[in-house]
Structure formats: structure tokens, C-alpha cells
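Visitor: only geometry, no sequence info:
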């Protein structure tokens, strides 16, 4: 049924539980796993406090390190469960679009996500990325609470 599973993570503890759940599902089905994290782009005019004091280069380096840490943790979860996973980091202002696009590009037939992740003011203004994936994806989405 599910042969290619995309698991989206932001590195939060809830997202790590979704990674574990998705990897266990993939293991039981013999499915391939793609671990994805999406980082935001640098904006000259920003609402996020971490962008107000950074230059474009320092912000990109900070996001690269965060993505590396996030994917390393997710890969370790998969490895500990005996599953080999591919990792991918994307940069996009609309993470939900990147998640859907990567699932389509990699011919995934299931997306696994946590019910919510990191928030802050952008989450209040933009809403839940999980809700947006649910609303816009033609691919089934498994939401882990």
C-alpha cells in the first residue's frame, strides 16, 4: 500500500514522535523513508526575532546547522529502529508547499507529520503547516498527536 513515506520534521519533541511513528510504520510495511525538514528564507523585513539581528549569511548558516541537527536526530531514530532513511533539507517560505512538492517529486504515497510543531508569532499569523498540508495535499497525510 505505502511504498514511499515522507516524514516531515522540525526537530521538536512532537515531530520526533511523528518520526518514530512513521519509521515504525515504514518498517512494518517495508517502505522507503524520506526525512524532510524545511527551513525558512532570510527576509530583510522580518517578524521573527532571530532574523532581526542576523545578516543573510549568518542566518543561512544558523538555519543550515539547525536543519543538520534536526535531520541527524531523525536519522538516528530511524537507524535505531533498523530503517535506512534518506534525508532532505529544503528552504521555502511556505513549508507546506515544499512538503507537498517533495512528496510528489519523490513519488511518496504517504506524508507523516506531527499535529503541530514550533510556533511563535509566525504560527499565529500563518496557521499550522500540518493543517495546510491536509488542506492542499492529494497525498494521504497521517497526523501524529
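Guide: Okay, I see it. Keep in mind the model is a prediction, meaning the values are calculated, not measured.
Visitor: Give the rounded mean pLDDT of stretch 116-130.
Guide: Regarding stretch 116-130, the rounded mean pLDDT is 61.
Visitor: Pull up the distance across that stretch, start to finish.
Guide: Between the start and the finish of stretch 116-130 there is a gap of 7 Å, counting by CA to CA, to the nearest Å.
Visitor: ok, now stretch 38-57?
Guide: For stretch 38-57, the first and last residues are 18 Å from each other (CA to CA).
Visitor: go on, stretch 20-36?
Guide: End-to-end for stretch 20-36, by CA to CA: 14 Å.
Visitor: in that stretch, what counts as buried?
Guide: Residues of stretch 20-36 classed as buried: 20-23, 25-26, 31-36 (neighbour count, 16 or more other CB atoms under 10 Å). Every C-beta, even on glycine, is put in place using the N, C-alpha and C of the backbone.
Visitor: Which single one of those residues is nearest to residue 93?
Guide: Distance to residue 93 across the buried residues of stretch 20-36 (CB to CB) is lowest for residue 36, with 15.8 Å.
Visitor: separation between that closest one and residue 57?
Guide: Residue 36 is 24 Å from residue 57, where distance means CB to CB, to the nearest Å.
Visitor: cool, and residue 100?
Guide: Using CB to CB, residue 100 is found at 29 Å from residue 57.
Visitor: Would you confirm that residue 7 belongs to a strand?
Guide: Yes. Applying DSSP: H, G, I helix; E, B strand; the rest coil, one finds residue 7 inside a strand.
Visitor: quick one, what contacts it?
Guide: Counting by CB atoms under 8 Å, 6 or more residues apart in numbering, residue 7 touches 18-19, 22-23, 33-36, 74, 85, 111-113.
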